[in-house]
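S.K.: Task: produce atomic coordinates for the following.
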Amino acid sequence: MPDYILSLIAKGGPVVTILLLMSVMALAMALYKLWSFYRLGIGRHAAAEKALQLWQQSPSPEPLSLLANKRGPLALSLSHAMRGMLYHPDQGALIREDIDRTASREIARARSGIRLVETVGQIAPLLGLFGTVLGMIDAFQALQDAGASVDPSVLAGGIWVALLTTAVGLAIAIPASLVATWFDSLIEQEVEAIEDMVTAVLTGSITSGAEAPHGLHTASRVAG
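M.R.: Next up, the predicted model:
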């Protein structure tokens, strides 16, 4: 273990030790979630967008082949939507329920672990403040015991050590909160993409660039 970490633990006491252990846990979970998001394709929608374009041109099993090896929430939800519309086009309500079930399960799986990082971001500053309060109590108790022969430098040193726990807590909480917020934003983007693309499959994007009926063209020409 590096000397500066040992020095930090020696000065900050058990509170700093707990904070450092929490930081290791949060870092390990953040790295795991990065790997998990990459494996699931969270935030990468190129294959799904291409499959949707093919589907809108001609609903067929071909778009499904583009999603066959994808395991993310978007790819699975889109596959369920396309498969349902191919083989059971008259069961729209049941298809939507099945997609909602699949998407909810996959999104919950993607969210797992983020709560730990969020918890570290919330608890670390409070734990650091708790350590500072304990340190201040010890410092002023030493001041009282010293009576008139108190050494200001000793008191200042005690207060500095007490404030160290708050600094450590904030140094851990700020990046943990930022990382957790970033993960949440990626999940929200995935949810929006699922809703948008699945709806396009179920409705056929009937209002997106759709041609006007023949009668409407005729009416427009007559009015012109």
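
S.K.: So residue 71, which state does it fall into?
M.R.: Recorded secondary structure, residue 71: coil (DSSP: H, G, I helix; E, B strand; the rest coil).

S.K.: which ones are touching it?
M.R.: 39, 40, 41 (Cβ atoms under 8 Å, 6 or more residues apart in numbering). In this view, the C-beta of every residue, glycine as well, is placed from N, C-alpha and C.

S.K.: Hmm, the second one is touching residue 110, no?
M.R.: Yes. Residue 40 is in contact with residue 110 according to Cβ atoms under 8 Å; the separation is 6.3 Å.

S.K.: helices and strands of the chain: which one bottoms out on pLDDT?
M.R.: Taking mean pLDDT, DSSP states H and E as the measure, the chain has helix 214-223 as its least confident helix or strand, at a mean of 39.

S.K.: Grab the nearest non-local neighbour of the residue nearest the centre of the chain.
M.R.: The chain has residue 183 as the residue nearest its centroid, 2.2 Å off, counting by Cα atoms, centre = their mean. Nearest residue to residue 183, sequence neighbours excluded (Cβ to Cβ, 6 or more residues apart in numbering): residue 114, at 4.8 Å.

S.K.: and the gap between that neighbour and residue 126?
M.R.: In this view, residue 114 and residue 126 are 20 Å apart by Cβ to Cβ, to the nearest Å.

S.K.: Compare those two and say which is more crowded by neighbours.
M.R.: Neighbour count, other Cβ atoms under 10 Å: between residue 114 and residue 126, residue 114 has more, with 20 against 12.

S.K.: Surely the more buried one touches residue 30?
M.R.: No. Taking contacts as Cβ under 8 Å, residue 114 lies outside contact range of residue 30: 9.1 Å.

S.K.: State the next helix or strand along the chain beyond the helix or strand harbouring residue 110.
M.R.: Taking DSSP states H and E as the criterion, residue 110 maps to helix 92-111. Counting by DSSP H and E, the element after helix 92-111 in chain order, helix or strand, is helix 114-146.

S.K.: can the contacts of residue 71 go into TSV with extra columns for neighbour count and pLDDT?
M.R.: Output for those, formatted as TSV (neighbours: other Cβ atoms under 10 Å; pLDDT from 0 to 100):
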residue	neighbour count	pLDDT
39	10	89
40	20	87
41	18	87
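
S.K.: For residue 60, give me phi and psi.
M.R.: In terms of degrees, to the nearest 10, the main-chain angles of residue 60 are phi -160, psi 170.
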